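> Quick one, fold the following:
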Amino acid sequence: MGKYFEYLHTVGFEETNLVGNVYYVNYLRWQGRCREMFLKLQAPEVLVDLQDDLKLFTLKVDCEFFAEITAFDELSIRMRLVDLTQTQIEFNFDYVRLDAGGGEALIARGRQRIACMRGPNTRTVPARVPEALARALEPYAP
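So this is what the prediction gives:
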């Protein structure tokens, strides 16, 4: 299935509802967190660019659920590159529950498409994916 970038997460009580299941919005937050950690660890030059005028706009996000998770479940959020165009990037996210005995279970799968934009907030225009980001994504290409 190809190489993936992995973000490890332990589910907390604040991420669950009254019956102990994880709120839907947290799956989307974890996608964002995984993407942020990828930038921090694999493409730190892009973080400097983001402080300038680069913007990464989320165009589309989704998540399909296969099983429920609860507080203190250990997760591996695995991000893979699906598509890289001149101005956009699409990722696939596998949410995998890690069992104490070394077992794994796919509990959800999500996708996210982002666009690179530049300029002031009132006049942003599409921009090329930064070279540093494209290089950092190469090992995760399908």
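> show me where the chain has strands.
Along the chain, counting by DSSP state E, strands occupy 5-10, 54-65, 74-84, 88-98, 104-118, 125-126.
> Which of the ones you listed sits closest to Asn17?
strand 54-65 (14.0 Å; C-beta to C-beta). Where C-beta positions appear, they are placed from N, C-alpha and C, glycine not excepted.
> Buried residues in that closest one, which are they?
54-56, 61, 63 (16 or more other C-beta atoms under 10 Å).
> ok, of those, which one's closest to Ala105?
Closest approach to Ala105 among the buried residues of strand 54-65 (C-beta to C-beta): Cys63, at 16.0 Å.
> Pull the number of nearby residues for the closest residue to the closest one other than its chain neighbours.
Spatial nearest neighbour of Cys63, chain neighbours left out: Gly110 (3.9 Å); criterion: C-beta to C-beta, 6 or more residues apart in numbering. Neighbourhood size, Gly110 [other C-beta atoms under 10 Å]: 21.
> residues touching the residue nearest the centre of the chain, list them.
Nearest to the mean C-alpha position of the chain, by C-alpha atoms, centre = their mean, lies Gln31 at 3.3 Å. Going by C-beta atoms under 8 Å, 6 or more residues apart in numbering, Gln31 touches 61, 63, 77, 79, 91, 93, 110, 112.
> With distance to Leu47 and pLDDT added, can I get those in TSV?
Output for those, formatted as TSV (distance: C-beta to C-beta, whole Å; pLDDT from 0 to 100):
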residue	distance to Leu47	pLDDT
Val61	21	96
Cys63	26	97
Ile77	20	98
Met79	17	98
Phe91	18	98
Phe93	21	98
Gly110	23	98
Gln112	18	97
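> With respect to Glu104, which of those residues is nearest?
Nearest to Glu104 among these: Ile77, at 12.6 Å, using C-beta to C-beta.
> so that closest one touches Cys34, yeah?
Yes - at 4.6 Å, Ile77 counts as touching Cys34 under the criterion of C-beta atoms under 8 Å.
> Quickly list what's touching both of those two.
Counting by C-beta under 8 Å, 6+ apart, the common neighbours of Ile77 and Cys34 are 7, 93.
> Count the neighbours of Val11 for me.
Residues near Val11, counting by other C-beta under 10 Å: 19.
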